[in-house]
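J.: build the 3D model from these lines:
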Amino acid sequence: MAIEAARFSPSLAAAAFLARRPPPALFPFSLRRRIPLLHVLAGSSGGDGRVVALSSSELRKRRGLSSSSGAADPASDGDEKLRSLRRLFARPDVAIDAYIVPSQDAHQSEFIAECFMRRAYLTGFTGSAGTAVVTKDKAALWTDGRYFLQAEKELTHEWTLMRSGNHGVPTTSEWLNDVLPSGCRVGIDPFLFSFDAAEELKDSISNKNHELVLVRGMNLVDEIWGDARPEPPKEPTRVHDIKYAGIDVPSKLSFIRSHLTENGCDAVVISMLDEVAWLLNMRGSDVPHSPVFYSYLIVEVSTATLFVDSNKVSEDVLEHLEKAGVKLKPYEAIVSEVERLAEKGAKLWLDSSSVNAAIITAFKSSCDKHMKKKGKAGEKVEKEAYSDEPTGVENGALNAVYNVSPVTLAKSVKNEAEIEGMKNSHLRDAAALAEFWCWLEDEVCKSVPLTEVQVAEKLLEFRKKQDGFIETSFDTISGYGANGAVIHYRPTPEDCSSVGSDNLFLLDSGAQYIDGTTDITRTVHFGEPSPRQKECFTRVLQGHIALDQAVFPERTPGFVLDVLARSSLWKIGLDYRHGTGHGVGAALNVHEGPQSISYRYGNLTALQKGMIVSNEPGYYEDNSFGIRIENLLLIKELNLANSFGGISYLGFERLTFVPIQVHTNISGCHGWHFTLVTYIQLLYWYFFCLNNQ
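T.: The predicted structure is shown next:
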C-alpha cells in the first residue's frame, strides 16, 4: 500500500528533532517520534510567481470538474456543519478563535473506528491523512500528494485545499499566525494530539502571541455530530496463539520491566494500539483492517493494568491475562490512574511523541500538586521539549523519563514464529491472487463488463477461501486508467470505472490472516500499452528490482536505499510522491514503524535483521494512469565473502509470491510474461499449489 511512511507512523517523523538531539548512550531505542500533523506544506502557483492555496471549487473549475464528477455538492450540509462549529467558539467554556481537527484518534492511529472519523465528518474528505483548521471566517484542509485529486473532488467550496509538498505554502501554524490577529486562542482536543505535537504547536503560534487552548471535557466536532455519531466499537478481543506470537506475555513484560529498572522508572504508559496488542498477545477488531482494540496499558515493576471496556474481554481472554498478572480497569480510567501514580510520586516512562497531551498534561499537573503539597515546588524542572539534552533525561518535577516506547523496536524485529507465519500467510495469499488474476484476465478478454468495485469484491471472494483469512488489511485500491493516478483511490458503487483492455489497471490490496499480514500491488494492461506507459512501467520495475537486490551494511537507515528505487525514474525527470517502503506488522497493522524506506532523511532507524518492509516504487500521471509494483521483503543477514570493518551485511528475502506482468509486443489478452525476478517465485507457487490440491 503506497504511503509516505513517516506521515502515518508516529514512530517515524523525527527529522527536525533528531537533527538537534544526539541519541542517549544508555538506551538503544534512540528514535524520538513526533506526529507531523503540523508540518504539511501546500499550495498552487499564482501568476506572479507566489504560491497560493486555492479553494476546492476553484480547483475543480480549473480542472473542469463539478459536483457531478464525485465532488460534494456545495449546497450540502457541509456549510451548516461549519456554522454549527463556529457557534461553539463563543461558548464561555470554550472561548476560542480557531479549532484544529486532526485525523487521528486518542492513540495516534492511522486507521480509526468510524466514531472517531471527525475530520472526515466535518470536511467530507475521506482520505486517511489530513488536518482541518477552522477559524471564524475561514476553513482549510492540509493533505499530501497521495490525496490531492481525491480532496479536490470531495471538499465543498467552503474549504481551501492546502496541497502538501508544493513549495512555499505555510504550515498550519504559519497559516494561523497569518490569518489571525495577534492574541487569539487556538483550540484543540488534547486527546487527539501527542504531547510533542501540542507543545510544538504551542511554541509556533506563540510567535503571534496566540494561546493554545486544550478544550477539555468535550470534542467540538462530537458536539455538532450529536446523536448521528456512530457508537464506539464493542467487538470482542481474542488471544493471539503462542504458535503465532512466538514469545509469551510474561517474557515480554519481563523485557519491559528490565528497561524500567535500567532507567530508574516505576511504570510505563503504552498507548499505541498495536503495541498493546503485541505485548499482551491479544488481537481485536475495533478498527477496520487492523486487528487491534481500543485500550491503554500501564506496566509497573510488579504489576500491569489493561484499560479496556470489560465487555470486550471473554472468559478465555480474562484467563489469559490473569496468568500473565494483568488486571483490568475501565478504558476511561487511564487519566485518573496516571494522576494516582503522580500522587504516589511514581516516576513514569512516557513516549511524548505518541502518548496524547491529555494524559501527559494530567500527569504533570498532578505532579505539580504533589510537589506543592510536599513543599518542593522549587525543585521542579520544566521540560524543554527541544533542548540539546539527550532523550531519557529526567524532566517535569524529576518524575518522568521522556523516551520512545520500549515496545516499538522490539515489535518491529520479528521472531522466528512471526516470520514463519508471515511466510505461510503470503503463500496462501499468492494462491488467491493467482486464481484472481487468471479469472480477471479471462473475463476482460471475453469483454465481460466489470466495475472496479466488482473486481475488488471478487478478489475478496478468492481470499476468503484461504485458511486463516480474517479481513482485508486496508481498503482495496482498484484503479483503472485515470483512477490509478489517485494514489489512495477507493472506488464506490456510485462512482467508479469499468475495467477494460484500453488502459492500465492498478490493484493494491492486502489481507489480515490469523498468522500474518499481506500487502501487494500489481499494475497490468490487458491490451496494448502506449510507448509512454511501457517506458514508465519499465522504469518503475527497474527501481523495484534495484531495491529488491540491494546489499547494505548493518546500521544502514532506510532513507539511504530510497534512491535505488527512484534512480531510473529520475533519469527522465519523473518521481512519485510517497515513500518507497513502510514497515509491516506480523498479524498486526499493515503500516508500522519505526523503520521505513523513504526520501525523508529524518528517520535514522537502522534496518535490522528480522524487520519487514514494503518495496513499492510507482509513477502517477494525473488524469491518465498510475503504476505501482509492490512486494513485501524480510531483512536478512547475508553470508558474503568479505566483511569489511568486521560488520555484517544485510539484504532482502521476498515474501510476496505473485508474478509481475512484463508486456511484449503481443497485442490482446494472454500477453503475460515474467521477469527473472518473479520466475522462481512462480515455480515456487506452482509446486506449493500442487502440494495443497
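
J.: any idea of the mean pLDDT in the top helix by length along the chain?
T.: In the chain, with assignment by DSSP state H, the single longest helix is helix 416-445. Averaging pLDDT along helix 416-445 gives 97.

J.: for it, which helices and strands make contact with it?
T.: helix 242-245, helix 452-464, strand 511-513, strand 520-525, strand 631-638, helix 676-691 (3 or more CB pairs under 8 Å, 6 or more residues apart in numbering; DSSP states H and E). C-beta here means a position set from N, CA and C on the backbone, and glycine is covered the same way.

J.: for that helix, what is the distance to the chain centroid?
T.: With CA atoms, centre = their mean, to the nearest Å as the basis, helix 416-445 stands 24 Å off its chain's centre.

J.: which stretches of the stretch 101-250 of the chain form helices?
T.: 118-123, 148-154, 172-179, 195-205, 220-225, 242-245, 249-262 (DSSP state H, counting those that start in this stretch).

J.: contacts for the longest one?
T.: Meaning helix 249-262. 26-27, 266-268, 278-281, 299-301, 304, 320-321, 323-326, 349, 406-407, 410 (CB atoms under 8 Å, 6 or more residues apart in numbering).

J.: for PyMOL, what selects the buried ones among those residues?
T.: Here is the PyMOL command that selects the buried residues among those (16 or more other CB atoms under 10 Å):
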select buried, resi 27+266+267+268+278+279+280+281+299+300+304+320+321+324+326+349+406+407+410
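
J.: in helices only, show me the contacts of helix 249-262.
T.: Among the contacts of helix 249-262, the members found in helices (DSSP H) are 278-280, 320-321, 323, 406-407, 410.

J.: make CSV from the helices of the stretch 101-250 of the chain and add mean pLDDT, mean neighbour count and distance to Ala417 to it.
T.: As requested, these are exported to CSV (pLDDT from 0 to 100; neighbours: other CB atoms under 10 Å; distance: least, CB to CB, whole Å):
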stretch, mean pLDDT, mean neighbour count, distance to Ala417
helix 118-123, 95, 24, 37
helix 148-154, 85, 23, 39
helix 172-179, 94, 20, 43
helix 195-205, 96, 22, 34
helix 220-225, 97, 19, 41
helix 242-245, 98, 17, 6
helix 249-262, 97, 16, 13
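
J.: quick one: which of these is nearest Met422?
T.: Smallest distance to Met422 across the helices of the stretch 101-250 of the chain (CB to CB): 9.8 Å, for helix 242-245.

J.: the closest one: how far from the chain's middle?
T.: Counting by CA atoms, centre = their mean, helix 242-245 comes out at 25 Å from the chain centroid.

J.: which parts of stretch 103-119 are buried?
T.: Of the residues in stretch 103-119, those buried (16+ other CB under 10 Å) are 103-113, 116-119.

J.: next, count neighbours for Leu638.
T.: Residues contacting Leu638 under the criterion other CB atoms under 10 Å number 13.

J.: so it touches Tyr649, yeah?
T.: Yes - Leu638 is within contact range of Tyr649, at 5.1 Å (criterion: CB atoms under 8 Å).

J.: end-to-end on stretch 238-252?
T.: Taking CA to CA, to the nearest Å, stretch 238-252 runs 18 Å from one end to the other.

J.: what sits against Val407?
T.: 256, 270, 272, 275, 278-279.

J.: pick out the most distant pair among those.
T.: Within the contacts of Val407, two members stand farthest from each other by CB to CB: Ile256 and Met272, at 13.6 Å.

J.: which helices and strands does the host helix or strand of Leu507 pack with?
T.: Following DSSP states H and E, one finds Leu507 within strand 504-509. Contacts defined by 3+ CB pairs under 8 Å, 6+ apart place strand 504-509 against helix 452-464, strand 477-480, strand 520-525, strand 625-628.

J.: now mean pLDDT and distance to Tyr331 too, for the ones you listed, in CSV please.
T.: Converted to CSV, the helices and strands packed on strand 504-509 look like this (pLDDT from 0 to 100; distance: least, CB to CB, whole Å):
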stretch, mean pLDDT, distance to Tyr331
helix 452-464, 98, 31
strand 477-480, 97, 33
strand 520-525, 98, 35
strand 625-628, 98, 38
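
J.: I'd like the ones you listed as CSV, with mean neighbour count and distance to Lys369 appended.
T.: Listed next are the helices and strands packed on strand 504-509 as CSV, based on neighbours: other CB atoms under 10 Å; distance: least, CB to CB, whole Å:
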stretch, mean neighbour count, distance to Lys369
helix 452-464, 19, 54
strand 477-480, 26, 50
strand 520-525, 22, 53
strand 625-628, 26, 53
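
J.: distance to Leu634 for the ones you listed - can I get that in JSON lines?
T.: Output for the helices and strands packed on strand 504-509, formatted as JSON lines (distance: least, CB to CB, whole Å):
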{"stretch": "helix 452-464", "distance to Leu634": "21"}
{"stretch": "strand 477-480", "distance to Leu634": "24"}
{"stretch": "strand 520-525", "distance to Leu634": "14"}
{"stretch": "strand 625-628", "distance to Leu634": "20"}
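
J.: to Ala357, which of the ones you listed lies closest?
T.: Ranking the helices and strands packed on strand 504-509 by their distance to Ala357 (criterion: CB to CB) puts strand 477-480 first, at 33.1 Å.

J.: how distant is the closest one from the center of its chain?
T.: Using CA atoms, centre = their mean, the offset of strand 477-480 from its chain centre is 20 Å.

J.: with distance to Asp93 added, can I get the helices of the stretch 101-250 of the chain in JSON lines?
T.: What follows is those, written out as JSON lines (distance: least, CB to CB, whole Å):
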{"stretch": "helix 118-123", "distance to Asp93": "19"}
{"stretch": "helix 148-154", "distance to Asp93": "32"}
{"stretch": "helix 172-179", "distance to Asp93": "22"}
{"stretch": "helix 195-205", "distance to Asp93": "20"}
{"stretch": "helix 220-225", "distance to Asp93": "11"}
{"stretch": "helix 242-245", "distance to Asp93": "46"}
{"stretch": "helix 249-262", "distance to Asp93": "39"}
